[in-house]
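A.B. asks: next come a sequence and a model predicted from it.
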Amino acid sequence: MAEEVKLFGMWASPFSRRIEVALKLKGIQYEYIEEDLSNKSPSLLKYNPVHKKIPVLLHKGKPVAESLVILEYIDETWKHNPILPADPYERAMARFWAKFLDEKLWPAAKKVALSKGEEHNGLIEEIQEHLKTLESELKEKKFFGGESLGFVDIAADIIFWLLVVQETLGLDILTEDKFPGLHEWYHRLLDDAVFKECVSMERLLASFKVRFGALTASK
Amino acid sequence: MATSDVKLLGAWPSPFALRVHIALNIKSIDYECLEENLLAKSQLLLQSNPVHKKVPVLIHHDKPICESLAIVQYIDEAWSSAPSILPSDPYDRAVARFWAAYIDDKWFPWLNGVANAQGAEAKKAALDQVREGLVVLEEAFGKCSKGKDFFSGDRIGYVDIALGCFLGWVYVAEKRNDVKLLVEDKMPGLAAWANKFCEDGTVKDVMPDKDELLEFANMILEARAKLNASSNN
């Protein structure tokens, strides 16, 4: 029932989009509540008092916070179309890579975005090191999850944010010649029916251009 | 299972390696412990964890697993008979994972930040932040334990492991800065929990001696201070 599942999110947050991808992959009906992060709702503050952040999933009135925790909760509660593999070793690998994305790639990508493209030289190398690591993990696979989209692919949505930043700031970070595997992978995701519904590159680009355009114009 | 099937690459001062020791003990798994010298890492470690080159690494049937909480969950899933480390209910599991993430992403960096804080004011702010985090965890303990000894209830579980591994380092920060962090009247639940955790059969033989840890920390931090002083000249 739709009223059983609510998602407090923000359209431009990759962490929020992860949850939408998972819910849609499993065909779960949910009510979506768009949060204004400059004016957080009393509900959000009530359901995530520790961090006061999105995304928060509310299921039968009980809140779950932290995007990777929510993904695992969704996978364990609705067992069809699994996101995580069944084998314990493969699950451990998936958790390892999701953590790598959040702890290594995301902070570096954020720094580049905030640096507005200036003083970025060391950062670009750092990001490319991380991308090299991911490229070799992907190898010949269609997705990080193998034949189908899985936990790591969903977590790797932050790569799309990197692509948006790269295009907005005119930087060459994730290029086809340097990262052919990742290049094919993200095109495959952009073609995926569920993913397309959740991540709009056009909308993100438009929003980032406005934000960064204003900043570069003031120089 | 043969001992050589399960190897743990660890280091005695590492709280993250301690998590794995405890998890293996909870499941009564026989394992070979390989002590790493973190200043001269072994080929095995570098090959088993090429991405981070860090301990702990669990090697099971020659396959390496890295990242302490991923390893603990792996142990719970690969040796699925009782006792369980994570609860069985998906919502309770989500709550446990949430608190483990809080500990790793917020609280531990604050604890780590105490050593890096320069000057009395910064030190005090860093210590205050650790204490504030413990107040949050005290509330979590109340809700999760429901009056029992541990976050997980009657036995040590996921959140107990995630937090308890740092108790030695909390002691180190208290002694080095001459303060109390685990303040009994502010955090009575955690204070009682800490004692029970350290005394538990799965913990007490693998937890490093607090004073040895203090000596180790003093040595490392003094060496670092000397290095900083000489590079500033």
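C.D. replies: Happy to help now that I have it.
A.B. asks: give the contact list for residue 51.
C.D. replies: Just so you know, I chose chain A. A:Ala65, A:Glu66 (CB atoms under 8 Å, 6 or more residues apart in numbering or on different chains). C-betas here are computed from N, CA, C, even on glycine.
A.B. asks: the chain in question should be chain B.
C.D. replies: A:Phe100, A:Thr133, B:Cys66.
A.B. asks: against A:Val50, how distant is the closest residue in space to B:Ala140 that isn't next to it in sequence?
C.D. replies: Using CB to CB, 6 or more residues apart in numbering or on different chains and skipping the chain neighbours, the partner closest in space to B:Ala140 is B:Trp99 (5.5 Å). Going from B:Trp99 to A:Val50 by CB to CB, to the nearest Å gives 9 Å.
A.B. asks: look at these two and report which has more neighbours.
C.D. replies: In this view B:Trp99 and A:Val50 are compared by other CB atoms under 10 Å in any protein chain shown, and B:Trp99 has more residues nearby, 25 against 14.
A.B. asks: which element is A:Ser43 on?
C.D. replies: Using DSSP states H and E, A:Ser43 sits within helix A:42-47.
A.B. asks: contacts only, for B:Cys198.
C.D. replies: Applying CB under 8 Å, 6+ apart, we find B:Cys198 in contact with B:Gly164, B:Leu167, B:Lys204, B:Met207.
A.B. asks: and B:Trp169, by the same measure?
C.D. replies: B:Trp169 neighbours (CB under 8 Å, 6+ apart): B:Pro15, B:Leu111, B:Leu213, B:Ala217.
A.B. asks: wait, is it part of a helix?
C.D. replies: Yes: the assignment for B:Trp169 (DSSP: H, G, I helix; E, B strand; the rest coil) places it in a helix.
A.B. asks: so what pLDDT did it get?
C.D. replies: pLDDT recorded at B:Trp169 is 97.
A.B. asks: next one: the one 3 residues further on
C.D. replies: As predicted, B:Val172 sits at a pLDDT of 97.
A.B. asks: what's the burial count for it?
C.D. replies: What B:Val172 shows, counting by other CB under 10 Å, is a neighbour count of 24.
A.B. asks: host element of A:Ile127?
C.D. replies: A:Ile127 belongs to helix A:121-138, assigned by DSSP H and E.
A.B. asks: what about that helix, average pLDDT?
C.D. replies: Taken as a whole, helix A:121-138 carries a mean pLDDT of 93.
A.B. asks: the next helix or strand after it and chain B, are they touching?
C.D. replies: Note on helix A:121-138: by DSSP H and E, the next helix or strand toward the C-terminus is helix A:151-155. No: judged by CB under 8 Å from any CB of the partner chain, helix A:151-155 and chain B are separated, with a smallest distance of 11.9 Å.
A.B. asks: the next helix or strand after helix A:151-155 close to chain B?
C.D. replies: Remark: after helix A:151-155, the chain's next helix or strand is helix A:158-169, criterion DSSP H and E. No: Helix A:158-169 does not reach chain B (CB under 8 Å from any CB); its nearest approach is 15.7 Å.
A.B. asks: mind giving me the packing neighbours of the very next helix or strand once past helix A:158-169?
C.D. replies: Using DSSP H and E, the helix or strand that follows helix A:158-169 towards the C-terminus is helix A:180-191. Helices and strands touching helix A:180-191, by 3 or more CB pairs under 8 Å, 6 or more residues apart in numbering or on different chains; DSSP states H and E, are helix A:121-138, helix A:158-169.
A.B. asks: show me what the longest one is packed up against.
C.D. replies: Contact here means 3+ CB pairs under 8 Å, 6+ apart; on that basis helix A:121-138 packs against helix A:88-100, helix A:106-114, helix A:180-191.
A.B. asks: where does pLDDT dip in chain A?
C.D. replies: Residues of chain A meeting the criterion pLDDT under 70: A:1-3, A:116-118, A:213-219.
A.B. asks: do you know how far the residue nearest the centre of chain B is from chain A?
C.D. replies: With the centre of chain B defined as its mean C-alpha position, the nearest residue by CA atoms, centre = their mean is B:Cys165, 2.9 Å away. Using CB to the nearest CB, to the nearest Å, B:Cys165 is found at 17 Å from chain A.
A.B. asks: pLDDT at that residue, what is it?
C.D. replies: 98.
A.B. asks: that older thread, including mean neighbour count and distance to A:Cys198, could the helices and strands packed on helix A:121-138 go into a markdown table?
C.D. replies: Formatted as a markdown table, the helices and strands packed on helix A:121-138 follow (neighbours: other CB atoms under 10 Å in any protein chain shown; distance: least, CB to CB, whole Å):
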| stretch | mean neighbour count | distance to A:Cys198 |
| --- | --- | --- |
| helix A:88-100 | 21 | 17 |
| helix A:106-114 | 18 | 18 |
| helix A:180-191 | 16 | 10 |
